[in-house]
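Asks: Predicted model follows, preceded by the sequence.
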Amino acid sequence: MVVHPHTAPSARERRAALTPRWLPLLALPLAGLVGSACTSSGGSARAEAPSTPATQATVAVSPLPASSLDATTTPVTATTVPATEAPTTLAPTTTAAPTTTLPPNVEIAGPSAVPIEAVGARDGEGTRILQDRLLQLGFWHAGSDGKYGHTTKQAVMAFQKYLGLNATGEVDQTTADYLTHFTERGHGTADTGDLIEVDKAKQLLFVVRGGKTLWVINASTGSEVAYEEENKKEPGKIETGDSITPVGLWKVTRQREEGWWEGDLGEIYRPKYFRGGVAVHGSNNIPNYPASHGCVRVSVSAMDFIWAFDLMPLKTTVWVHGAIPGAAV
């Protein structure tokens, strides 16, 4: 405003000169972050299920965290303030985030401190870091030595089965990304008690103590394909069955601590029987699909581990549930 030398400004003109010009605020988007293979001639002991099975809670498995989070900020619209009034700023209304309570059998391990490499099945430092990560997430193997051995392959396969990935037993980029970002320790469905849980749908065995899963172990249950085979111990005798691992609550009733021995349908390793001739036992063949005559196969090293730490003593509850992949509903 130009003031002439002999003309004093009016009160209205003085107020207009002092009135600030309010500019609209810019809203900036926030960047996101990214019948049984184990039948023996020693007699059949049928397990008795408890009269009142414990109620089990089904726990959903969390998916891989999103690679980015999209946040949208609503732009602020400028408001013209009368010259005679002071501007008023209203505090934004906020809503408290909902409180999330984890199921009692879920434990958080957090993301990996370093990215897991897609090592395939190679030995090296990347494999040692992978091995540490698998143990952190609760997937058992024999130890972190940087060598991509049999139990490491089994642990990777168990992790892939757990998340529904292609269970090759080798670490491709997809598996590596999940291993890097997945935050929960692997867990079964059981959320109370001490037991061995066998999930036929996932083809996994869970060691549960106090409602928490200590270890997830790769397994292969019955193929559910009928068989007719010669008895390995009695040539000429034909064994028939349905290859089904029976669903239900059972108890470990007998066991054989010594190593390999000849069962009716082939060699088995250190079996723990939980229903007649059906057992959890060691095997050299634990594929990524149900393949047994009805028993629950785990690796020989895993079976040694179960025995060494007394994870499945006599009278242990064994809970078998689910349907094998591809089974008719």
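Replies: Yep, that arrived.

Asks: can you give me the helices in the stretch 101-250 of the chain?
Replies: Under the criterion DSSP state H, counting those that start in this stretch, the stretch 101-250 of the chain contains helices at 125-136, 150-163, 173-181.

Asks: any idea which of these is most buried?
Replies: For the helices of the stretch 101-250 of the chain, the largest average neighbour count (mean count of other Cβ atoms under 10 Å) is found in helix 150-163, namely a mean of 24. Using the backbone N, CA and C atoms, a C-beta is placed for each residue, glycine as well.

Asks: Tell me the secondary structure of residue 303, please.
Replies: helix (DSSP: H, G, I helix; E, B strand; the rest coil).

Asks: gap between it and residue 151?
Replies: 11 Å (Cβ to Cβ, to the nearest Å).

Asks: Residue 289 now?
Replies: Using Cβ to Cβ, we find residue 289 at a distance of 19 Å from residue 151.

Asks: ditto for residue 192
Replies: Per Cβ to Cβ, residue 192 is found 29 Å from residue 151.

Asks: Buried residues of the longest strand anywhere in the chain, list them for me.
Replies: Secondary structure of the chain per DSSP state E: the longest strand is strand 266-275. Buried residues in strand 266-275, counted by 16 or more other Cβ atoms under 10 Å: 268-275.

Asks: and the two most separated of these?
Replies: Maximum pairwise distance among the buried residues of strand 266-275 (Cβ to Cβ): 18.6 Å, between 269 and 275.

Asks: unless I'm mixing things up, residue 223 is touching residue 292, no?
Replies: Yes: counting by Cβ atoms under 8 Å, residue 223 does reach residue 292; the two are 6.6 Å apart.

Asks: higher neighbour count, those two?
Replies: Using other Cβ atoms under 10 Å, the more surrounded residue of residue 223 and residue 292 is residue 292, with 28 against 19.

Asks: right, so of the helices of the stretch 101-250 of the chain, which gets closest to residue 261?
Replies: Nearest of those to residue 261, taken as Cβ to Cβ: helix 150-163 at 21.3 Å.

Asks: and that closest one, what does it pack onto?
Replies: The criterion is 3 or more Cβ pairs under 8 Å, 6 or more residues apart in numbering; DSSP states H and E, and the helices and strands that helix 150-163 contacts are helix 125-136, helix 173-181, strand 204-209, strand 212-218, strand 296-299, helix 300-308.

Asks: List just the one of those that sits closest to residue 237.
Replies: Using Cβ to Cβ, these put strand 296-299 closest to residue 237, at 23.5 Å.

Asks: List of residues touching that closest one?
Replies: Strand 296-299 has contacts (Cβ atoms under 8 Å, 6 or more residues apart in numbering) with 150-151, 154, 198, 205, 217-221, 245, 278-286, 291, 306, 320.

Asks: Can I get the buried part of the residues you listed as one PyMOL selection?
Replies: If you want just the buried ones from the contacts of strand 296-299 in PyMOL, going by 16+ other Cβ under 10 Å, the selection is:
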select buried, resi 150+151+154+198+205+217+218+219+220+221+245+278+279+280+281+282+283+286+291+306+320
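
Asks: mind showing which ranges of the stretch 51-200 of the chain have poor pLDDT?
Replies: Applying pLDDT under 70 to the stretch 51-200 of the chain picks out residues 51-100.

Asks: So for residue 251, what pLDDT did the model give?
Replies: Residue 251 is assigned a pLDDT of 98 by the prediction.

Asks: Run a quick neighbour tally on it.
Replies: As a burial measure, residue 251 scores 19 neighbours (other Cβ under 10 Å).

Asks: Could you do residue 252 as well?
Replies: By other Cβ under 10 Å, the residues close to residue 252 number 20.

Asks: Next one: it from residue 279, what distance?
Replies: If you measure residue 252 against residue 279 using Cβ to Cβ, the figure is 9 Å.

Asks: Wait, residue 147 touches residue 125, no?
Replies: No: counting by Cβ under 8 Å, residue 147 stays clear of residue 125, with 11.3 Å between them.

Asks: where does residue 314 fall, phi/psi-wise?
Replies: The phi/psi pair for residue 314 (degrees, to the nearest 10) reads phi -50, psi 140.
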